[in-house]
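> Dropping the sequence and predicted coords here.
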Amino acid sequence: MGKKVLVLNGSPRKNGNTAVLSSRLSDGASSVGADVESITLHNLDISPCDACDYCQENENGCIIEDDMQILYPKLRDSDVVVIASPVYFSGLTAQSKLCLDRWYAMEEGDDFELKGKKLALLMVYGDSDLYSSGGITVILALENICRYVGMDFAGIVHGTAMDIGDVEVNLLGWGLKYNFSQLIPGLPLDIAAQILFNNFEAIHPDTEIKTSNVAFNVHASKSFGALIVYGGLQYESTNMDYTYTFEQLGMPELDDRIDISVAGENNMRLTLGVAVKVAVLAFNVDYNIGSQNALVAGINFEF
């Protein structure tokens with residue numbers, strides 16, 4: 001199984017630059033086999049820590065009954081936690097800070113339940129650099145939190161983006177499919193071949209995230225009334241390129257442009273599944289066998 005990545009978006013803007021970048025980060029991580037869950041903290045009811053110390057004196061965790069009770073098991077189950085936040089008044093947003101303060105309840109004696117996990121920061125700010133924006137204080141705060149709870153600071157993605165839309169997003173995708181059943185009448189199965197391509201880019205002067213995927217597959221299906229049994233074999237290639245400027249704090253002359261490329265683990269994938277059609281709805285369940293196995297279920301509208 002892939003790494004479990006939990007993205008905590010602390011921006012109050014539903015479709016702001018933080019949301020765009022965190023969504024693209026999630027898509028890129030998923031494309032290379034990670035199990036990603038993204039949560040918008042602004043939509044949750046999270047109260048401030050009231051310093052009662054109940055969590056330190058008992059083994060039942062935090063006594064406050066709010067939506068942090070939903071987040072605690074997700075934090076424990078994750079391998080990587082991504083804090084995504086704009087910089088507000090030289091710090092994290094209130095939504096992000098409320099969540100982080102409540103991590104206090106995850107302390108166990110001299111250790112934390114988060115010990116050994118990785119923490120990453122995705123940050124945007126409205127000024128020209130880390131110092132004038134206050135972003136540097138956010139980085140220092142996260143580094144101190146990592147030292148305290150025993151997490152590994154995995155890295156930072158940051159850039160200047162004030163207004164909604166400052167991050168340029170480009171998406172291109174196409175596909176071709178040919179059904180051999182129409183060429184060879186009388187085949188007991190519906191057999192088709194398909195090629196797919198998609199490319200995504202999130203571009204900012206300081207940071208670029210690009211993902212691309214190419215897939216070729218041959219699949220067959222057989223209908224038994226409303227029930228459809230299907231299977232296929234697919235070759236796929238997925239790549240994610242990430243480019244950013246690494247800033248040497250206090251020494252801008254040593255700033256460096258960093259390029260990172262990650263290739264997906266899956267090359268060949270075998271899919272077996274069933275689907276049931278009910279009026280305009282089609283319910284499907286399939287199992288994908290490859291370097292990263294996956295069970296997938298879905299509902300489609302068909303007209």
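Great, that's in hand.
> mind listing what's buried in stretch 27-36?
The neighbour-count criterion (16 or more other Cβ atoms under 10 Å) identifies 27-36 as the buried residues of stretch 27-36. Glycine gets a C-beta too; all of them are placed from N, C-alpha and C.
> Sorry, wrong one. I was asking about stretch 212-222.
Under the neighbour-count criterion of 16+ other Cβ under 10 Å, stretch 212-222 has 212-213, 215, 217, 219-221 buried.
> out of those residues, who's nearest Gln56?
Nearest to Gln56 among the buried residues of stretch 212-222 is Asn213, at 47.4 Å by Cβ to Cβ.
> quick one: that closest one is in a helix?
No. Asn213 is assigned strand when assessed by DSSP: H, G, I helix; E, B strand; the rest coil, not a helix.
> re earlier: filter the buried residues of stretch 27-36 down to just the ones in helices.
Among those, the ones falling in helices (DSSP state H) are 27-31.
> And the helices in the chain?
With DSSP H as the criterion, the chain has helices at 17-31, 54-57, 68-77, 94-101, 130-133, 135-149.
> List just the nearest of the buried residues of stretch 212-222 to Leu172.
Among the buried residues of stretch 212-222, and counting by Cβ to Cβ, the member closest to Leu172 is Ser212, at 9.3 Å.
> In contact with the nearest residue to that closest one once chain neighbours are set aside, which residues?
The spatially closest residue to Ser212, leaving aside those adjacent along the chain, is Asn199, at 4.7 Å (Cβ to Cβ, 6 or more residues apart in numbering). Asn199 makes contact with 170-173, 210-213, according to Cβ atoms under 8 Å, 6 or more residues apart in numbering.
> among those residues, which two are most distant?
Every pair of the contacts of Asn199 checked by Cβ to Cβ; the farthest is Asn170 and Asn213, at 14.7 Å.
> Okay, and the beta partners of the nearest residue to Val87 once chain neighbours are set aside?
Spatial nearest neighbour of Val87, excluding adjacent residues (Cβ to Cβ, 6+ apart): Tyr125 at 3.9 Å. For Tyr125, the beta-bridge partners are Thr160 (DSSP bridges).
> and what of Ala220?
With DSSP bridges as the rule, Ala220 is bridged to Ile191, Gly231.
> Quick check: it touching Tyr230?
Yes. Contact criterion Cβ atoms under 8 Å: Ala220 and Tyr230 qualify, at 6.8 Å.
> Now Asn179. Nearest residue, chain neighbours left out?
The shortest distance from Asn179 to any residue other than its chain neighbours is 4.5 Å, reached at Ala192 (Cβ to Cβ, 6+ apart).
> wait, that neighbour sits on Gly175?
No. Taking Cβ under 8 Å as the definition, Ala192 is not a contact partner of Gly175, at 11.7 Å.
> Of those two, which one has the most company?
The neighbour count for Ala192 versus Gly175, taken as other Cβ atoms under 10 Å, is higher for Ala192 (17 against 10).
> if I look at that one, how far off is Val214?
Distance, Ala192 to Val214, by Cβ to Cβ, to the nearest Å: 18 Å.
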